[in-house]
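Novice: 3D, please:
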Amino acid sequence: MTIRLTINQVNPEMERINEAAAIIRSGGIVVFPTETVYGIGADAFNADACGKIFKVKERPADNPLMVHISKLGQLDDVASDVTDEFMSAAKILWPGPVTFILKRNKKVPDVVTAKLDTVAVRMPAHPIALRLIDASGTAIAAPSANISKKPSATRAEHVMSDFDGKVDAIIDGGHSAFGLESTIIDMSKERPVLLRPGAFTIEELEKYLGTITIPEYIDRESESAVAPGMKYRHYAPDKKLVVVSDNSMLLKLGSVKDKIIVLCSDEIADKIDGKVRTLRLGSEGNLYEIAKNLFDAFRKIDRMDVELAVVQSFPRRGIGLAIMNRILKASDSSEVGSIEELRKYL
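Specialist: A predicted model of the protein is given here:
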């Protein structure tokens, strides 16, 4: 049986936090909210407990987990060869929606790191998550709380749909603030490398880390997974999803209107409502709103009587880089440039 614990994220009820922490300490699995998406967590130093995460999520064993800490003093327990330069940046950037790939401390089990010599570490900026880690007395290994390859959970209802009866406890902390996973930066190389764009923009991170290399493969599957979200198709609804390369195409969809739904901004929806079905993501003037609603929209289309979801494209800068990464990963890089191309998916 899964316990559901509703906790106020502004003033977390410590008796409920302690109840969840006791489950972590005993080798159980707890789903908890963060500022990015919900995570499914276990004691990072308990190999058997972390192994349960892979089974419940149907996650490939070569896809490493992310380790969450609540204070910088825990970093030496999970990472090694941490430089003073990195620590100076971490003091500014953490807590926050950014994950760093660091050299691994051998105390971290192989199951967590997929036997790599590196480990993914972050400090979430969420009061419930931080208090849960503190109360558990251990770092918590936690990937996103969703069935592998499916859209991440940004609401407790999403988690209940995926994991009710499969985990020991689910903490309901409301809607995730960002709605997209953390940015992942590989700090184990000579220079910082972006492995996954996310809620913390590259432009802001470069103010503290210097120039960040952005690989060409960032929106595609890579051959190996150094960090979560790299090797496999991710974030995908069951329904087929494509993204348009030119948003003006969305004004010409009347001929296929009965078979599709368009995921788009309020501005585009205002122009095409009545001509084709739409699912509004938010205003183009606030891309963070669109990011917050994206995964919820992906989940909604699976409950709709449509054959295909068509998504508008967004500027690939700031948070828009992360939005487009998730859309392209979910669509398996299915980007179309004409109505004729679109018809091939129907």
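
Novice: Only C-alpha atoms from now on, for both contacts and neighbour counts.
Specialist: OK.

Novice: hey, C-alpha coordinates of the helix or strand hosting Val111 in PDB?
Specialist: For Val111, the host element (DSSP states H and E) is helix 110-113. What follows is helix 110-113, C-alpha atoms only, in PDB (Å, rounded to 0.1, in the frame of the first residue of the first chain):
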ATOM      1  CA  ASP A 110      27.600   1.000  -8.700                       C
ATOM      2  CA  VAL A 111      23.800   0.800  -9.200                       C
ATOM      3  CA  VAL A 112      23.500   4.500  -8.700                       C
ATOM      4  CA  THR A 113      26.300   5.500 -11.100                       C
END
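
Novice: Which pLDDT value goes with Phe32?
Specialist: On pLDDT, Phe32 comes in at 98.

Novice: Next one: it from Cys50, what distance?
Specialist: As judged by Cα to Cα, to the nearest Å, Phe32 and Cys50 stand 15 Å apart.

Novice: How about Ile101?
Specialist: 19 Å.

Novice: related to what we said a few turns ago, packing partners for the next helix or strand after the helix holding Val111?
Specialist: Moving toward the C-terminus from helix 110-113, the next helix or strand (DSSP H and E) is strand 118-122. Counting contacts by 3 or more Cα pairs under 8 Å, 6 or more residues apart in numbering; DSSP states H and E, strand 118-122 is packed against strand 66-68, strand 98-103.

Novice: Buried deepest among these, which one?
Specialist: Across the helices and strands packed on strand 118-122, averaging neighbours per residue (mean count of other Cα atoms under 10 Å) puts strand 66-68 on top, at a mean of 27.

Novice: outside of it, which residues touch it?
Specialist: Strand 66-68 is contacted by residues 44, 78, 112, 119-124, 133, 139-143, 227-228 when judged by Cα atoms under 8 Å, 6 or more residues apart in numbering.

Novice: ok, of those residues, which come out buried?
Specialist: Among these, those classed as buried by 16 or more other Cα atoms under 10 Å are 44, 78, 112, 119-124, 133, 139-143, 227-228.

Novice: helices and strands of the protein: which one bottoms out on pLDDT?
Specialist: One helix or strand of the chain scores below all others by mean pLDDT, DSSP states H and E: helix 339-343, with a mean of 84.

Novice: For that one, buried residues please.
Specialist: Residues Leu342 are the ones in helix 339-343 that count as buried (16+ other Cα under 10 Å).

Novice: partner residues bridging Asp186?
Specialist: As for beta bridges, Asp186 partners with Ile101, Val193 under DSSP bridges.

Novice: what sits against it?
Specialist: Contacts of Asp186 (Cα under 8 Å, 6+ apart): Phe100, Ile101, Leu102, Pro192, Val193, Leu194, Leu195.

Novice: Switch the residues you listed over to CSV; also include distance to Asp168 and pLDDT.
Specialist: Below are the contacts of Asp186 laid out as CSV (distance: Cα to Cα, whole Å; pLDDT from 0 to 100):
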residue, distance to Asp168, pLDDT
Phe100, 28, 98
Ile101, 29, 98
Leu102, 30, 98
Pro192, 37, 96
Val193, 36, 97
Leu194, 34, 97
Leu195, 31, 95
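
Novice: Check the burial of Tyr208 by counting its neighbours.
Specialist: Residues lying near Tyr208 (other Cα atoms under 10 Å) number 14.

Novice: Was I right to think it contacts Ala90?
Specialist: No - the criterion here is Cα atoms under 8 Å, and Tyr208 misses it with Ala90 at 9.2 Å.

Novice: how about the nearest residue to Ala236, chain neighbours excluded?
Specialist: Distance criterion Cα to Cα, 6 or more residues apart in numbering; nearest residue to Ala236, sequence neighbours excluded, is Ala330 at 4.1 Å.

Novice: count of residues packed around that neighbour?
Specialist: Ala330 is flanked by 26 other residues according to other Cα under 10 Å.

Novice: doesn't Val243 make contact with it?
Specialist: No - under the criterion of Cα under 8 Å, Ala330 makes no contact with Val243, lying 9.7 Å away.

Novice: And the helices in the stretch 151-300 of the chain?
Specialist: 156-163, 202-209, 266-272, 287-301 (DSSP state H, counting those that start in this stretch).

Novice: tell me which residues of whichever helix or strand Asp77 is part of are tucked away?
Specialist: Secondary structure from DSSP H and E places Asp77 in helix 75-78. Neighbour-count burial for helix 75-78 flags Leu75, Asp77, Val78 (criterion: 16+ other Cα under 10 Å).

Novice: How about stretch 69-76?
Specialist: The neighbour-count check on stretch 69-76 (16+ other Cα under 10 Å) flags Ile69, Ser70, Lys71, Leu75 as buried.
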